[in-house]
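Student: Dropping a prediction and its sequence here:
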Amino acid sequence: MRFGIIVFPGSNCELDCQWVVERVLGQQADLIWHKEKDLKDYDCLILPGGFAHGDYLRTGAIARFSPVMKAVERHAEDGGLILGICNGFQVLCEAGLLPGALLRNTSLAFICRHVHVRVENTATPFTTACRPGQVLRVPINHNEGRYYVDPETLRQLNEKGQVILRYATTGGEITDGANPNGSLDNIAGVCNEGRNVLGLMPHPERAAEALLGSTSGLLLFESIVRSGRTASPMSR
Amino acid sequence: MIRAKVYVTLKKGVLDPQGETVRGALETLGFAGVKDVRVGKFMVVTLNGVSREEASKRVEQMCKKLLANPVIEDYRFELEEG
Amino acid sequence: MIRAKVYVTLKKGVLDPQGETVRGALETLGFAGVKDVRVGKFMVVTLNGVSREEASKRVEQMCKKLLANPVIEDYRFELEEG
Amino acid sequence: MKESTITQEIIAAHNLTREEYEQVVAILGREPTYTELGIFSVMWSEHCSYKSSKVHLQTLPTSGPAVLQGPGENAGVVDLGDGLAAVFKVESHNHPSFIEPYQGAATGVGGIIRDIFTMGARPIALLDSLRFGPLADARNRYLMGGVVAGISGYGNAVGVPTVGGEVCFAECYSGNPLVNVLCLGIAPVDKLFYGRAGGIGNPVFYVGAKTGRDGIHGATMASETFDEKSEERRPTVQVGDPFREKLLIEACLELMRTDALVGIQDMGAAGLTCSSCEMASRGGTGVEIDVRLVPRREEGMTPYEVMLSESQERMLLVAREGAERIVQKIFARYDLDAVVVGRVTADGLMRVRDGKRVMAEIPVKGLVADAPVYRRPAVRPAWQDEVQRLDLHQIPLPRECGEVLLRLLASPTIACKATVWERYDHMLFLNTVVGPGADAVVLRLKGTERGIALAMDGNGRYVFLDPCVGGMIAVAEAARNVVTSGAEPVAITNCLNFGDPTRPEIMWQFAEAVRGMAEACRALRTPVTGGNVSFYNETMGQAIFPTPIVGMLGILAHIDHATTPGWKGAGDVVVLLGQTREELGGSEYLKVYHGLIQGRPPTIDLDLERRVQQCCLEAIRAGLVRSAHDCSDGGLAVALAESCISEPERHIGVEVNLSETGRPDALLFGEGQSRILFSLREADLGRLEAIALRHAVPITILGRTGGSRFLCTGRTFTMDLPVAALDQAWRGSLPTLLRQG
Ligand SMILES: Nc1ncnc2c1ncn2[C@@H]1O[C@H](COP(=O)(O)OP(=O)(O)O)[C@@H](O)[C@H]1O
Ligand SMILES: [Mg+2]
């Protein structure tokens, strides 16, 4: 399977994503500078974490206008997979490829630590390797991770199973105490209606090797590879 | 030269923890009677070589496209000449 | 009820990386003629049960003590009644 | 433009003494121009010239089998094997952080990162060593909040993880916080770059952000003490732009993969002035710069201002003639300015032109090599004996040792710093095998099976009480922290934070501390590869504790040797390496419980220290050690408690019995050196004893891990506390202290 990792000026997790895809998963991953316009060769695009354009003005606000984003949109429309991690999630929201917005953490502080998230829907290309309700231990690393949507959209998201991950306790309970940033309904990750675009605040690439303390983030990557194997090439 | 003053504020109903923190801090500092604080952005965009109408149109576009995010923010602007 | 609108801006000469980046982005988006962008803060402080004069004094103090960082920022405010 | 004429006031405002000014005139053979005076003033400032510290720094050991580059370049370099090199250095930003904590700390981070990538290394880790006054004072909370936010804001956005550090509190830092930041980078050994201007006629490039009036005279500011007027000098504050710096890193590293680059140096203190003449000095050349070509952010800047500006995120580089296009193309890709502003010359002069007009023409040698060097008078302070006097008979024994322990755990210097490190991205690059919260941070070295350990340490109180011993302990403790993490200590960088060097007692503290450090570095075979001196850390004549900070780099032969302080399971045996003596001088216990900063710091036997460390390493490499933790602040009791609670998701109790005689408080809370706490499986005890015997290191079996209580008994005391209570005291303290007010 071929991954393309989009590099905006100010992105910084691109090498980590590439490391996990290539060294841990044994797949191919190319870095794609944000001025590229052709993404036809890729099965899955990753928008990595970091501070695209310094996160100035609003996170992801400037990056969404990068030349590459037209091709990213096309990739989404054609049913290609897109994984937006942290800053990548913020870019996807700003670009309108995912609903909602990410606001400043209620603590007003940047937070880097491990949290637990519960898998809410395993029927997506990103979560097939997870058990329903499985609790993953993954790090977050953000200043603006408070997910927000208007109530009507929220209702639809829930109805259509687009909420993929929620902050939870180790035991899988959804509580205020388990919510690190004030996200609406403890939402940590959402997908689009077509379920081919996923955005999440936690960093699964940071939980992909036992040496670094957790491997549960790897499940998301493995799901992607698995879906790539089962999907017929014509489905796109 | 035209200077556009752009005000971007969080939509009503969107929680503003920063405003809330500032309010708390003012209270701690002994300022009584502070009911509410909201924190937004104030931008000054200086334009060259455009008419007032043209400037107004452009700044409106800038706000729509980039300066504010309609999901969470409202905007407003004023133009000033000279 | 009095609403104080507080504008906090970076002092002249102080680098504004954010404004500079927004200017670049506007340019890339095809907005011609943007000479300069400066990004500051806009705060609305709602006060209860104080006279206009008193409010003015207090907000001045708030700006000095908390709302603006005198080392790198200037401030200005307006009061609005009702 | 008309330049001001030089008056006595102008000379004084430039912090040059009468004699120094006369030396300037002698070097030039005439009176200096205003621009020249500015250039001399910054180059001869304490910050750039090390004029008061040089004679002492020269006594530090700087070479060893692994050292590829000692002091003198932008950073030190250590061989890691497999063609890789570690580039590392620490830098202070104390004064700017006092004036504007967020931006001061942020630009400090930006500055040290530039020192690292300028050598061809990708910066992969930061550590921060911080000192503040007590948090009961709102101003100190504001300073700490601002500094931590600044490091977080800049470090995270620039994309270099802050993986560790330390924070300590004492009254003396109230008017003068310390912000020391260490950066580590990794480079291929055969692709290191140096700040040298070579090749006559080669173009000199200015790259990065534009120049504004920021921080003019920052270097001279760092060379003065604070008084009421300092606040007025505030407009010199520099604002950092981590986004631009991130682009600068990528652009420079990309350029370094071509063959276009001859030499490169960042513009740090004293900006364009310092970078250009240092590069010429190292290259044995001259340099000519036309300030008119320098990209500017503000209008109407004078040559003086352009030369002295400390605007951030800028570099000076010398490229191969003919390679200009390569440089420009790479920087254009990152939307950064890259402009030829001058040439390398053969005449050994630093020539500054403003278009056609020559504004300055100074022999580089005069600025750098001939800068003044002082052997300032050093006198042991009259009060030294007084503070060292400690009669233990006068110190009442605590009624309840358990309560003391809880108070020590909650003491901000000892308490858990998670509120700080959680604000830092400490995981980026997927190297952080042991993150903040252990004795040292352990990073894997990708492409090898080895790892790197880093620790920063420096107990100002010890150094205040006995500068020489304090200096030794700073090195020894840093090494010990690296060793307990499973690494062999290899080399240090250091940041020497002291008061006003023109005061003889400060100079004595400095000389003594350096003497102690040098001795410890020799004994532990950890040469000094670089560092930084920050003098004038005083406010209103009140100096800080003399605070040398040591940044120790160690290498793990195998990443599997990484060891942490927390117990790993129930039923393991708890063992102490080294020996406990009746020592309480300078301890955190005396300060927290008795309000005393008094006595002599713990004694240190460097030979024993080395043996303890060797023994620890051998045991870890033999796979015997389940957890290792050094005894430092708060002594044995705190070390035991931390081993119970340091891993938030794995609390394990302990039951120990201390059979020694003597004062219980000294036994529990004394900070005797060269002690390491192990836990291991009972079956491995015999092998450990054999290793200890071979190294002639005393070991004591203390007890066993397990349960949910902290049970510690001795001849005259019993401590029995739920582990949860320890955790609450330790983890809850800082958040509470920061929230108050
Ligand atoms: N400012 C900081 N930034 C990041 N990590 C920190 C900071 N302060 C302390 N830490 C972490 O907390 C732990 C304990 O620090 P410290 O008490 O100084 O340890 P030690 O006594 O072993 O030197 C270390 O792992 C250190 O990395
Ligand atoms: Mg330690």
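Tutor: Here it is on my side, so go on. Ligands and ions are numbered 1, 2, ... in the order given.

Student: And the residue of the stretch 1-150 of chain D closest to ligand 1?
Tutor: Residue of the stretch 1-150 of chain D nearest ligand 1, by C-beta to the nearest ligand atom: D:Asp128 (4.5 Å). No exception for glycine: its C-beta is placed from N, CA and C like everyone else's.

Student: Not counting residues beside it along the chain, what's closest to that residue?
Tutor: In this structure, D:Asp128 finds its nearest non-sequential neighbour in D:Gly165, 3.8 Å apart by C-beta to C-beta, 6 or more residues apart in numbering or on different chains.

Student: And the one you found, its phi and psi?
Tutor: Recorded main-chain torsions at D:Gly165 are phi 150, psi -160, according to degrees, to the nearest 10.

Student: Can you tell me how far it is from D:Glu671?
Tutor: 20 Å (C-beta to C-beta, to the nearest Å).

Student: Check A:Gln90 too.
Tutor: A:Gln90 is 47 Å from D:Glu671, by C-beta to C-beta.

Student: Ok, D:Val463 next?
Tutor: Counting by C-beta to C-beta, the gap from D:Val463 to D:Glu671 is 14 Å.

Student: Also A:Gly80?
Tutor: 61 Å.

Student: Is the residue of chain B found nearest chain C in a helix, a strand, or coil?
Tutor: Here chain B gets closest to chain C at one residue, B:Phe42, 3.7 Å apart by C-beta to the nearest C-beta. Applying DSSP: H, G, I helix; E, B strand; the rest coil to B:Phe42 yields a three-state assignment of strand.

Student: List the contacts of D:Val592.
Tutor: D:407-408, D:411 (C-beta atoms under 8 Å, 6 or more residues apart in numbering or on different chains).

Student: quick one: which of those residues is nearest chain A?
Tutor: D:Ser411 (23.2 Å).

Student: Find me whatever residue is spatially closest to that closest one, sequence neighbours aside.
Tutor: That would be D:Val592: by C-beta to C-beta, 6+ apart, it lies 4.8 Å from D:Ser411.

Student: measure the closest residue to B:Phe42 other than its chain neighbours to A:Gly54 for me?
Tutor: Using C-beta to C-beta, 6+ apart and skipping the chain neighbours, the partner closest in space to B:Phe42 is C:Phe42 (3.7 Å). C:Phe42 is 21 Å from A:Gly54, where distance means C-beta to C-beta.

Student: neighbour-wise, which of those two wins?
Tutor: Ranked by neighbour count (other C-beta atoms under 10 Å in any protein chain shown), C:Phe42 and A:Gly54 place A:Gly54 first, with 24 against 21.

Student: The helix or strand where D:Gly104 lies packs against which elements?
Tutor: Element membership for D:Gly104, per DSSP states H and E: helix D:101-117. Applying 3 or more C-beta pairs under 8 Å, 6 or more residues apart in numbering or on different chains; DSSP states H and E, we find helix D:101-117 packed against strand D:84-92, helix D:94-99, strand D:122-132, helix D:138-158, strand D:178-188, helix D:242-256, strand D:261-266.

Student: Next up, the contacts around the nearest residue to D:Ile116 once chain neighbours are set aside.
Tutor: Nearest residue to D:Ile116, sequence neighbours excluded (C-beta to C-beta, 6+ apart): D:Gly185, at 3.9 Å. D:Gly185 sits next to D:75, D:86-88, D:116-117, D:119, D:121-124 when contact means C-beta under 8 Å, 6+ apart.

Student: in the host helix or strand of A:Arg155, what counts as buried?
Tutor: Assigned by DSSP H and E, A:Arg155 belongs to helix A:151-159. Within helix A:151-159, the residues that count as buried by 16 or more other C-beta atoms under 10 Å in any protein chain shown are A:154, A:157.

Student: Stretch B:48-63 now?
Tutor: Residues B:50, B:55-56, B:58-59, B:62-63 are the ones in stretch B:48-63 that count as buried (16+ other C-beta under 10 Å).

Student: pLDDT (mean, whole number) over that stretch?
Tutor: Averaging pLDDT along stretch B:48-63 yields 95.

Student: Equivalent analysis for stretch D:251-268, please.
Tutor: 95.

Student: got the end-to-end distance for it?
Tutor: 18 Å (C-alpha to C-alpha, to the nearest Å).

Student: list the buried ones in it?
Tutor: Applying 16+ other C-beta under 10 Å to stretch D:251-268 flags D:251-253, D:255-256, D:260-268 as buried.

Student: quick one: which two of these are the most distant?
Tutor: Maximum pairwise distance in those, criterion C-beta to C-beta, is 23.0 Å, between D:Ala260 and D:Gly268.

Student: Looking at strand pairing, list the partners for D:Thr713.
Tutor: For D:Thr713, the beta-bridge partners under DSSP bridges are D:Asn657, D:Thr718.

Student: D:Asn657 is in contact with that one, correct?
Tutor: Yes: taking contacts as C-beta atoms under 8 Å, D:Thr713 lies within contact range of D:Asn657: 5.1 Å.

Student: which non-adjacent residue is nearest residue 34?
Tutor: Going with chain A. Using C-beta to C-beta, 6+ apart, the nearest residue to A:His34 is A:Ser66, at 4.0 Å.

Student: nope, chain B
Tutor: Closest to B:Val34 by C-beta to C-beta, 6+ apart is B:Leu26, at 4.9 Å.

Student: Likewise for A:Leu25?
Tutor: A:Phe221 is the one closest to A:Leu25 (C-beta to C-beta, 6+ apart), at 5.6 Å.

Student: can you check D:Glu642 too?
Tutor: D:Pro565 (5.9 Å).

Student: D:Glu321 versus the one you found, what's the distance?
Tutor: D:Pro565 is 56 Å from D:Glu321, by C-beta to C-beta.

Student: Mind checking which of the two has more residues around it?
Tutor: The neighbour count for D:Pro565 versus D:Glu321, taken as other C-beta under 10 Å, is higher for D:Pro565 (24 against 14).

Student: Quick check, that one in contact with D:Ser627.
Tutor: Yes: with contact defined as C-beta under 8 Å, D:Pro565 counts as touching D:Ser627 (5.9 Å).

Student: same for the helix or strand containing B:Leu26, what does it pack against?
Tutor: Assigned by DSSP H and E, B:Leu26 belongs to helix B:17-28. Packing partners of helix B:17-28 (3+ C-beta pairs under 8 Å, 6+ apart): strand B:34-47, strand C:34-47.

Student: if you set the cut-off to 7 Å instead, what comes out?
Tutor: For helix B:17-28, the packing partners by 3 or more C-beta pairs under 7 Å, 6 or more residues apart in numbering or on different chains; DSSP states H and E come out as strand B:34-47.

Student: quick one: the strand it packs on to helix C:17-28, angle?
Tutor: Counting by axes from the mean of the first three to the mean of the last three C-alpha atoms, to 10 degrees, strand B:34-47 lies at 50 degrees to helix C:17-28.
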